[in-house]
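Q: Kindly generate the corresponding structure for this input.
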Amino acid sequence: MSNPGIVAAKYRLVRKLGEGGMGSVWEAQHLSLGIPVALKLVGEEYLHDESTLMRFRREASTTAAVRCANVVQVFDHDVHDGIPFIVMERLEGETLADRLERVGRLSPADTLIIFRQLERALTCAHTQGIVHRDLKPSNIFLAREANSVEVVKLLDFGVAKRLQPSSHSGPSTRSGVMIGTPCYMSPEQARGEVPVDQRSDLWALGIIAFECLTGKRPFDHDCLSQLVRQICFDPLPVPSLQANLPRQFDDWFARAAARDLARRFSSAAELTHALEQALAFHVSSQTLPISSSAVSMSSADSMPDSGSDEQEPISVAYVKGRPVPVLLAVAGLLLALAAWISPRARWVDSAAALPAVAVRSQVMVTTPEPLPGAAQGDATGIGPAAPFAQEVNAPMEPQAGSPTVFPIASTSASPAPQLEASASSPAAPVNGAPRMPARKQKPKALSAAQLLERVRDGAHTDAVTALETRSMEVDLGI
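A: Numbering: from 1, shown residues only. Down below sits the predicted model:
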């Protein structure tokens, strides 16, 4: 460079941020706008490597083509003093790889927040026929915005593949060449098969989710040949055996990492929706709120390591996720109340069915005072101390010494009235022999004239007569 501190007369280099696979990344300042940017330079050792230069141009054009808030923005691409460079938005934060190295593993809530935004980025890319082919935690950036909100940004489209080649896509990938990072390669990438489609990116998402939730890579080996064997042939690891995860996530991972392309998820949206369902219960018990928009994911929000004794505070989301004891208590109270009301409701229904308790009238009839000179007995042998009552299915027994109240039902059909001795009087002797209790006898019904004659003869001084109009017509002749 003619001026090591100035690039293309527009950008002033401030400090080096890091080294990449093809060169270095610098923090720079746009001289005319005064805004910070990130400037990526190709390393001098790759200036004569045509494949590297082609990959660099592909990264610039492909990233600029994917217009999405969750993909890093590219502002410029040019060559300065023979060195190609790319100008991108300046991001503050850390990569997902740095986050996992710092906290060990993420909570289901944190993982879902990241995957919802990755789904948007990949949907935009796949819709335009672009396959990333190098998804891994170091290419997923957790950027902190000015309002302290974190936004996921997808980086490095250097090995991205266009399903429909364009003038900027460069030469096609040769069969048998492995493209990508080995630990996150799909089986078809590891075997060097071409062409690959968006399902290779979905395989990588499954591997990243496994690592986020367990803190371990499902396939990891120092020897490349052994790593390829694990990816292509060995049985898939079971996530719930590595960490406290639901069996639903085991099923999700088995489909996301299916070696048969027909069994694998077909889109990023389908994969993310299935992940939400697999982690639904665990997410409801987390303290971190879940939102469709990006939220802050600081180290305090992340799940503590399994060896930590620190307890997480209880939040509203945690309480809402555990309503079962309250519902059981309420159900128990309702059952107890129903058991208490049920027999009383049946008693009311039975009582309501009785004719005597239905719509009725009441009549109280008391015999007049005994006539002077009336006889103290008659041929029947029933003494003066033996009053009688006409039984009309009264619901209650009359009290001794009190006027008897008898219901007269409003219906038109009723059995003939029966005579019954008062409960307050003892059984009177008949012809010197004890008389049977009145309830066990069925005295013959008397006519109205006979009843009037007995009253006038003084045979029943304290008797109470019940006349039921629905079954007997009374004609006293008065």
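Q: For stretch 209-219, which outside residues touch it?
A: Surrounding stretch 209-219, the residues in contact under the criterion C-beta atoms under 8 Å, 6 or more residues apart in numbering are 96, 100, 104-106, 108, 110-111, 114-115, 137, 183, 207, 227, 230-231, 234, 236-237, 239, 242-243, 245, 249, 253, 256-257, 275. Backbone N, C-alpha and C define where each C-beta goes, glycine included.
Q: May I see the buried residues of it?
A: Using 16 or more other C-beta atoms under 10 Å as the test for burial, stretch 209-219 gives 209-215, 217-219.
Q: same question, stretch 10-25
A: Of the residues in stretch 10-25, those buried (16+ other C-beta under 10 Å) are 10-11, 13, 17, 20, 22-23, 25.
Q: could I get the buried residues of stretch 209-219 as CSV with secondary structure?
A: Rendered in CSV, the data for the buried residues of stretch 209-219 read as follows (DSSP: H, G, I helix; E, B strand; the rest coil):
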residue, secondary structure
A209, helix
F210, helix
E211, helix
C212, helix
L213, helix
T214, helix
G215, coil
R217, coil
P218, coil
F219, coil
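Q: which one among these gets closest to L91?
A: Sorting the buried residues of stretch 209-219 by how near they are to L91, with C-beta to C-beta, puts C212 at the top with 20.0 Å.
Q: hang on, the earlier thing: closest to V194 among the buried residues of stretch 10-25?
A: The closest of the buried residues of stretch 10-25 to V194 turns out to be M22 (C-beta to C-beta; 22.5 Å).
Q: how about that closest one, phi and psi?
A: Listed backbone geometry of M22 is phi -120, psi 0, with angles given as degrees, to the nearest 10.
Q: can you map out the strands along the stretch 151-300 of the chain?
A: Here the stretch 151-300 of the chain has its strands, by DSSP state E, counting those that start in this stretch, at 161-162.
Q: from the buried residues of stretch 10-25, which ones fall inside strands?
A: In strands, defined here by DSSP state E, the members of the buried residues of stretch 10-25 are 11, 13, 17, 23, 25.
Q: Can you tell me how far the nearest residue to the last one once chain neighbours are set aside is from Q226?
A: Distance criterion C-beta to C-beta, 6 or more residues apart in numbering; nearest residue to V25, sequence neighbours excluded, is L17 at 4.7 Å. Remark: distance between L17 and Q226 (C-beta to C-beta, to the nearest Å) = 34 Å.
Q: what bits of the chain have low per-residue confidence?
A: Using pLDDT under 70 as the threshold, the predicted model of the chain has low-confidence ranges 1-4, 165-178, 282-327, 342-449, 451-478.
Q: That one: helices as residue ranges?
A: 50-65, 96-103, 108-127, 187-190, 198-214, 224-232, 247-256, 268-278, 280-284, 316-320, 324-353, 448-456 (DSSP state H).
Q: Buried by neighbour count: which residues of the fourth one qualify?
A: Applying a neighbour-count criterion of 16+ other C-beta under 10 Å, one finds 187-190 buried in helix 187-190.
Q: out of these, which one sits closest to I130?
A: Using C-beta to C-beta, Q189 is the member of those that sits closest to I130, with 15.8 Å.
Q: So what's the residue count around the closest residue to the closest one other than its chain neighbours?
A: Closest residue to Q189 in three dimensions, ignoring its sequence neighbours and counting by C-beta to C-beta, 6+ apart: G180, at 5.2 Å. Taking other C-beta atoms under 10 Å as the criterion, the count of residues near G180 is 19.
Q: so what's G180 up against?
A: By C-beta under 8 Å, 6+ apart, the residues touching G180 are 133-134, 159, 189, 204.
Q: Repeat that for A8.
A: By C-beta under 8 Å, 6+ apart, the contact set of A8 is 78, 80, 85.
Q: what's the neighbour count on the second one?
A: Think H80. The burial count assigned to H80 is 18, neighbours taken as other C-beta under 10 Å.
Q: Among the ones in strands among the buried residues of stretch 10-25, which pair sits farthest apart?
A: With distances taken as C-beta to C-beta, the most widely separated pair in those is Y11 and G23, at 15.0 Å.
Q: follow-up on the earlier one: narrow the contacts of stretch 209-219 to just the buried residues.
A: Buried subset of the contacts of stretch 209-219 (neighbour count, 16+ other C-beta under 10 Å): 96, 100, 104-106, 108, 110-111, 114-115, 137, 183, 207, 227, 230-231, 236-237, 239, 245, 249, 253, 256-257, 275.
Q: Reformat the helices of the chain as TSV; add distance to G5.
A: Supplementary listing: the helices of the chain in TSV, determined by distance: least, C-beta to C-beta, whole Å:
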stretch	distance to G5
helix 50-65	22
helix 96-103	28
helix 108-127	34
helix 187-190	41
helix 198-214	38
helix 224-232	41
helix 247-256	47
helix 268-278	42
helix 280-284	49
helix 316-320	51
helix 324-353	65
helix 448-456	134
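Q: which one of those is the most hemmed in?
A: Of all the helices of the chain, helix 198-214 carries the top mean neighbour count, a mean of 24, counting by mean count of other C-beta atoms under 10 Å.
Q: okay, the angle between that helix and helix 247-256?
A: Angular relation of helix 198-214 and helix 247-256 on a 0 to 180 degree scale: 150 degrees, by axes from the mean of the first three to the mean of the last three C-alpha atoms, to 10 degrees.
Q: and the angle for helix 198-214 with helix 224-232?
A: In terms of direction (the same axes, to 10 degrees), helix 198-214 departs from helix 224-232 by 100 degrees.
Q: Just want the angle from helix 198-214 to helix 108-127.
A: Interaxial angle of helix 198-214 relative to helix 108-127 (the same axes, to 10 degrees): 170 degrees.
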